[in-house]
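>>> What follows is a protein structure lacking sequence information:
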């Protein structure tokens, strides 16, 4: 664990970086595209291939958000990620379109998924079926919008057209793509688990110990829409050594975690085409995932050979580049404050860093399990699903 002063300075810098990035967004949207509206219309429309035109700023968005979070995990906290799979499966990473099924038990499970995408060179084309509320999160939500993330409200009647439209745009995606699904629909908590197992009992399905009952509609719809594009489904089961409960705030504080991921590959042709049979296949898959978690609980590891993919330097270099570029005015100002000798300016600048640090922590707060809202278990939500 890093000392508190180092954490405060680092989060202050990150907060300042976010402030500068948000200022860049405002400038880009209000000033640049006010003068060149035709470019904005091209951005919001779609080309003949079903993909948006490639303006400059999505690269900025990707560099300022997704890769920075991966940098925090890999380089700032030094979290280790070990794969439990065979070499034949690893050899296909980044060389085919695939659907990823990941358990949703931890605050940083998405970050571990992004880390694997980065290590196999597919982070820029990773997609996810995400809840609509994330669009409201500053910077992160905006970034995901421009990166063609498919958002849903988890109410099928409202989501049907949106999901089909979003998935259809990915059918001709020019690069190899991984599409992440959280089939449980929401993050695991004990209360949600109790409700989920009541539903399982009422439907005559086997109870799960470590997972919620999967919602099959999202998976069957995604598989149906991307048939002919994706060639495999990767089942990824995540857990952490020593019963660790990782948090994004812990990552920011420099705490190191040890993540283990069991990865199994299923060719699409081995998965039933019929919707009901496909749903049954998914339920069976989650029973197998539960068995894997039981083994991990008893033995502290998943079965099978282990592979530790090496870190790549690009996320660190990316962070240093954008931090230098966007923070250069702030650094210049800080140097001016330091040499001015003015107590008022120095105190004001320190207050700015503290406020930026607090802002980052508040932004991180939206990922905390205890603060994430969910309608899971509500009667109305059940009717909609």
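All right, it came through fine. Since this is a predicted model, take the numbers as computed values, not measurements.

>>> Check which helices and strands the lengthiest helix in the chain is in contact with.
The single longest helix within the chain, with elements called by DSSP state H, is helix 314-340. The helices and strands touching helix 314-340, judged by 3 or more CB pairs under 8 Å, 6 or more residues apart in numbering; DSSP states H and E, are helix 4-27, helix 57-64, helix 66-71, helix 343-364. Just so you know, the C-beta spots here come from the backbone N, C-alpha and C atoms, and that holds for glycine as well.

>>> ranges for the helices of the stretch 101-250 of the chain?
For the stretch 101-250 of the chain, the helices defined by DSSP state H, counting those that start in this stretch cover 109-119, 140-146, 156-168, 190-202, 216-225, 248-252.

>>> Let me have those helices in TSV, extended by distance to residue 263.
Shown next, in TSV, are these (distance: least, CB to CB, whole Å):
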stretch	distance to residue 263
helix 109-119	8
helix 140-146	24
helix 156-168	23
helix 190-202	24
helix 216-225	17
helix 248-252	22
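
>>> I'd say residue 209 and residue 293 touch.
Yes. Applying CB atoms under 8 Å, one finds residue 209 in contact with residue 293, separated by 7.2 Å.

>>> buried residues in stretch 225-240?
Under the neighbour-count criterion of 16 or more other CB atoms under 10 Å, stretch 225-240 has 225-226, 229-240 buried.

>>> Adding distance to residue 112, write the residues you listed out as TSV.
Putting the buried residues of stretch 225-240 into TSV (distance: CB to CB, whole Å) gives the following:
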residue	distance to residue 112
225	26
226	23
229	25
230	21
231	23
232	20
233	18
234	13
235	15
236	9
237	11
238	6
239	10
240	9
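
>>> pLDDT below threshold where in the chain?
Residue ranges of the chain with pLDDT under 70: 1-65, 130-149, 153-156, 159, 359-385.

>>> Mind doing that once more with 80?
By pLDDT under 80, the low-scoring segments of the chain are 1-66, 128-166, 322-334, 337, 341, 349, 352-353, 355-385.

>>> ok, now which ones touch the closest residue to residue 242 other than its chain neighbours?
Excluding the flanking residues, the one nearest residue 242 by CB to CB, 6 or more residues apart in numbering is residue 258, at 7.4 Å. Counting by CB atoms under 8 Å, 6 or more residues apart in numbering, residue 258 makes contact with 79, 80, 82, 240, 241, 242, 244.

>>> just checking, residue 334 touches residue 349?
Yes. The pair residue 334 / residue 349 is scored as a contact, 6.3 Å apart, by CB under 8 Å.

>>> tell me which residues of the helix or strand where residue 261 lies are tucked away?
Under the criterion of DSSP states H and E, residue 261 resides in strand 258-267. Neighbour counts using 16+ other CB under 10 Å place 259, 260, 261, 262, 263, 264, 265, 266 of strand 258-267 among the buried residues.

>>> how many neighbours does residue 288 have?
Number of residues near residue 288 (other CB atoms under 10 Å) recorded here: 12.

>>> Could you pull up phi and psi at it?
Per-residue torsions, residue 288: phi -70, psi -40 (degrees, to the nearest 10).

>>> Repeat that for residue 306.
When quoted as degrees, to the nearest 10, the phi and psi of residue 306 stand at phi -110, psi 150.

>>> what is it paired to in the beta sheet?
residue 84 (DSSP bridges).

>>> For burial, what's the neighbour tally of it?
Number of residues near residue 306 (other CB under 10 Å) recorded here: 11.

>>> from memory it sits against residue 86, does it?
No. The pair residue 306 / residue 86 is not scored as a contact, 10.4 Å apart, by CB under 8 Å.

>>> residue contacts, residue 305?
Residue 305 makes contact with 84, 85, 86, 87, according to CB under 8 Å, 6+ apart.
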